[in-house]
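A.B. asks: What would the 3D arrangement of this be:
(one chain, ligands or ions: 2)
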Amino acid sequence: AVGNGRKYRIVVLPGDGIGPEISKVALDVLRCLGPEEGIEFEFQEKLLGGAAIDAVGDPLPDDTLEACKDSDAVLLAAIGGYKWDNNEPCLRPERGLLGLRAGMGVFANLRPAIVLPQLVDSSTLKREVAEGVDIMVVRELTGGIYFGQPKGFGKNSDGEPIAFNTEVYSVSEIDRIARVAFEIARKRRGELCSIDKSNVLEASQLWRQVVTDVGKDYPDVKLTHMLVDNAAMQLIRDPKQFDTIVTNNIFGDILSDEASMLTGSIGMLPSASVKTSGPGLFEPIHGSAPDIAGQDKANPLAMILSAAMLLKYGLGEKQAAERIEKAVTITLDNGFRTGDIMAPGKKLVGCTAMGEQVIKALQAIE
Ligand code: ATP
Ligand code: MG
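C.D. replies: Ligands and ions are numbered 1, 2, ... in the order given. Here you go, the predicted model:
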C-alpha cells in the first residue's frame, strides 16, 4: 500500500503485571501495520497505576493525564497487582484508572463479546448456543448510581446506621450515550436493545423515554427494550438474539462481564472508552494477571484487538483495523494458542511468539 501520510500520536500506558509484555507485542503489530496502511504512529510511553506509584508516588501523574488528553488516542494494557493491594486508597493503582477515565471524559464504554468459530469450545455455553455470538455492549460510564449525589453513610430516624447511593441521569447524558449506541448498531446488524429497570426505577423510566426519542433519528435501526433481570437470563439462554446493547453504568458493568464470560476467553477481549469527539481510551478487559506476569505466557490478542478498536473507533481507520482482525483470525486458523485458550491438537506458544505469528499473518494479507 502507498501511504498518504496520515500521522497519529498515541499515548501508550503499559502499566503493571503482564502489561509491559502485551504492550510490546501490540506496538510491534502497529509498527508493522503502519507502512502497509500508509499510517505513521508516534508512540509516547507514560506511567500509570502501580508503576507510577513506584516511580513518582502517584497512580495518575499529571503529565500522564495531560499527554492522554493531548493525544489522538490512548492504548492502555492493565494496572494493579498484589504489591499495592494494601496501600491506602489514594495510592491504589485503580485510582489511576478511574481518574484517567474521568479526566478524559470518556462516557461510552464499548465491550464486544464475540465467540470466534476457532474458539467455540472455550465458551462456557453449549456449542449450539455459543456458535455465532457477536454482541456489542455499550455501557454509560461516567454517570448513574456510581456518581450520583447524595451518597454516603448516615442514620435513619430510629438511629440505625444506613448507607445510600442515588441513581441520577440527565436527559443529555442519556441522549449522548444513546446516539453512540445507535451509530454503532447502524454499522453492525442494525438492532439495538436498550436495557433498564423501568418497572421500578424513575431513572430507568427517563432512560427508556430518551432512548426512544433518540431512536426517531435512527429509523433504520430496530430498537427494543428489555428489563435487566430478563436480559441477564436471555444472555445465557439465547445470546445470539442480541446485536448491540445499550445500558446504564451499573447494569452495563454487570452485563458486560456476563457477556464476556460467555465467550470463555478473557485473554481475547478488547474494549474502548470514547466520547463524542476527542481521544478515546482502548484497553483489554482483562487485568494485569500478576500470577503469570514476566513469564511470557500472557495472551496478547486482547491487547492487539484493543489496538484494532483504537484504529476503528479512535482514528476512523477501519481498513487498518480489519487487517489486524484478519491477522488474528489467520493466526488462530494456523493453530497457534497461548495457554489460556489451548486445546488438544493446537500449537502452544508464548506471548512473544503469538505476536510474531500475528505479524507474519499481517504481512501475508494482500
Ligand atoms: P482486575 O481486578 O484488574 O480486573 P482480576 O484479578 O480480576 O484483575 P485478571 O488480572 O484479569 O483478573 O486475571 C484473571 C485470571 O485470568 C488470572 O488467572 C490471569 O492469569 C488470567 N488472565 C488474564 N488476562 C490474561 C491474558 N491476557 N492471558 C492469559 N491469561 C490471562
Ligand atoms: Mg476483574
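A.B. asks: Does residue 280 touch residue 73 like I think?
C.D. replies: Yes: under the criterion of CB atoms under 8 Å, residue 280 makes contact with residue 73 at 5.7 Å. Placement of C-beta: from N, CA and C, glycine included.
A.B. asks: any shared contact partners between these two?
C.D. replies: Taking CB atoms under 8 Å, 6 or more residues apart in numbering as the contact rule, residue 280 and residue 73 both touch 310, 314.
A.B. asks: Setting aside sequence neighbours, what's the nearest residue to whichever residue of the chain sits closest to ligand 1?
C.D. replies: Residue of the chain nearest ligand 1, by CB to the nearest ligand atom: residue 287 (2.2 Å). Closest residue in space to residue 287, ignoring its immediate chain neighbours: residue 78 at 5.3 Å, by CB to CB, 6 or more residues apart in numbering.
A.B. asks: Equivalent analysis for residue 339, please.
C.D. replies: residue 297 (5.5 Å).
A.B. asks: Could I get the contacting residues of that neighbour?
C.D. replies: Contacts for residue 297 (CB under 8 Å, 6+ apart) come out as 338-339, 350-351.
A.B. asks: Enumerate the residues of the chain near ligand 1.
C.D. replies: Taking CB under 6 Å from any ligand atom as the measure of proximity, the chain contacts ligand 1 at 18, 80, 266-267, 286-289, 291-292, 298-299, 302, 340.
A.B. asks: Helices - which of those residues land there?
C.D. replies: residue 302 (DSSP state H).
A.B. asks: what about burial for the residues of the chain next to ligand 1, which qualify?
C.D. replies: Among those, those classed as buried by 16 or more other CB atoms under 10 Å are 18, 80, 266-267, 286-289, 292, 298-299, 302, 340.
A.B. asks: Alpha carbons of stretch 20-35, as PDB, please.
C.D. replies: Coordinates of each C-alpha in stretch 20-35 appear next as PDB, following Å, rounded to 0.1, in the frame of the first residue of the first chain:
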ATOM      1  CA  PRO A  20       4.600  -4.300  29.500                       C
ATOM      2  CA  GLU A  21       4.800  -7.700  27.700                       C
ATOM      3  CA  ILE A  22       1.500  -7.400  25.900                       C
ATOM      4  CA  SER A  23       2.100  -3.700  25.100                       C
ATOM      5  CA  LYS A  24       5.400  -4.500  23.400                       C
ATOM      6  CA  VAL A  25       3.700  -7.100  21.200                       C
ATOM      7  CA  ALA A  26       0.800  -4.700  20.300                       C
ATOM      8  CA  LEU A  27       3.200  -1.900  19.400                       C
ATOM      9  CA  ASP A  28       5.200  -4.300  17.200                       C
ATOM     10  CA  VAL A  29       2.000  -5.100  15.400                       C
ATOM     11  CA  LEU A  30       1.100  -1.500  14.900                       C
ATOM     12  CA  ARG A  31       4.700  -0.700  13.800                       C
ATOM     13  CA  CYS A  32       4.400  -3.400  11.100                       C
ATOM     14  CA  LEU A  33       0.900  -2.300  10.100                       C
ATOM     15  CA  GLY A  34       1.700   1.400   9.700                       C
ATOM     16  CA  PRO A  35       3.700   1.400   6.500                       C
END
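A.B. asks: what's the offset of it from the middle of its chain?
C.D. replies: 18 Å (CA atoms, centre = their mean, to the nearest Å).
A.B. asks: what's the most distant pair in the contacts of residue 297?
C.D. replies: 339 and 351 (10.0 Å; CB to CB).
A.B. asks: Please say which of these two ends up with more neighbours.
C.D. replies: residue 351 (24 against 15; other CB atoms under 10 Å).
A.B. asks: Show me the helices in this structure, by range?
C.D. replies: 19-37, 50-56, 62-69, 93-104, 127-130, 171-187, 202-215, 228-237, 249-263, 301-309, 318-333, 351-364.
A.B. asks: which residues sit in contact with residue 166?
C.D. replies: Counted by CB under 8 Å, 6+ apart, residue 166 has contacts 145, 148-151.
A.B. asks: how does it look with 10 Å?
C.D. replies: Going by CB atoms under 10 Å, 6 or more residues apart in numbering, residue 166 touches 144-145, 147-152, 203.
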